[in-house]
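[1] Here is a sequence with its predicted model. Questions after.
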Amino acid sequence: MSNPPFLHIDELDGTNGFIKTKAFVNYTIDLSSHTPHQKVMLGNSDRGDVERPCVVFNDDITLDEGCGYVFGGFDNKWDDGEEIQLKLSEGAWIRKIHDPDDQ
């Protein structure tokens, strides 16, 4: 399998399929359901004030506020078509690259 294309979070448009990106978890969004099990807001100060939601369906993935990650996930358009998001479901992966508690 070839490497997925790398896109910055401000380049997500819901049409790129499985991609690789890098961002920090700015904060967690409260959910009233168990699916997805987590929703967070991603940010990347290198790209300006851009933020993108990330939804986590994969039970093996939990994201921590303030930490930076490299993600392998889906450039996804929410069903209503109003929200572009990174979707972490089956086949998705993360690699933590920054944890403020490690300093």
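    Sure thing, it's come through. Numbering: from 1, shown residues only.
[2] count of neighbours near the nearest residue to W93 once chain neighbours are set aside?
    Nearest non-adjacent residue to W93, counting by Cβ to Cβ, 6 or more residues apart in numbering: G72, 4.4 Å away. Any C-beta I mention is one placed from the backbone N, CA and C, and that applies to glycine too. Number of residues near G72 (other Cβ atoms under 10 Å) recorded here: 17.
[3] got the contact list for G72?
    Each residue near G72 by Cβ atoms under 8 Å, 6 or more residues apart in numbering is listed here: P4, F18, I19, K20, G91, A92, W93, I94.
[4] And Y27, by the same measure?
    Y27 is in contact with V40, M41, E65, counting by Cβ under 8 Å, 6+ apart.
[5] One more: K22?
    F6, H8, N44, G68, Y69, V70, F71, I97.
[6] Name the secondary structure element that contains it.
    strand 17-29 (DSSP states H and E).
[7] buried residues in that strand?
    I19, T21, K22, A23, F24, V25 (16 or more other Cβ atoms under 10 Å).
[8] is it true that the fifth one touches N44?
    When you say that, I think you mean F24. Yes - at 6.8 Å, F24 and N44 qualify as touching, with contact defined as Cβ atoms under 8 Å.
[9] what about the helix or strand just after the strand holding K22, distance to the chain center?
    Per DSSP H and E, strand 17-29 leads on to strand 38-43 as the next helix or strand towards the C-terminus. Distance of strand 38-43 from the chain centroid (Cα atoms, centre = their mean, to the nearest Å) equals 6 Å.
[10] Adjacent strands (with direction) for strand 38-43?
    Strand pairing for strand 38-43, using DSSP bridges, gives strand 17-29 (antiparallel), strand 51-56 (antiparallel).
[11] Okay, now the unreliable bits of this structure?
    The model of the chain has pLDDT under 70 over residues 1, 80-81.
[12] hmm, try it at 90
    Residue ranges of the chain with pLDDT under 90: 1-2, 29-37, 44-50, 59, 78-83, 102-103.
[13] Check the burial of L63 by counting its neighbours.
    Around L63 there are 19 other residues, counting by other Cβ under 10 Å.
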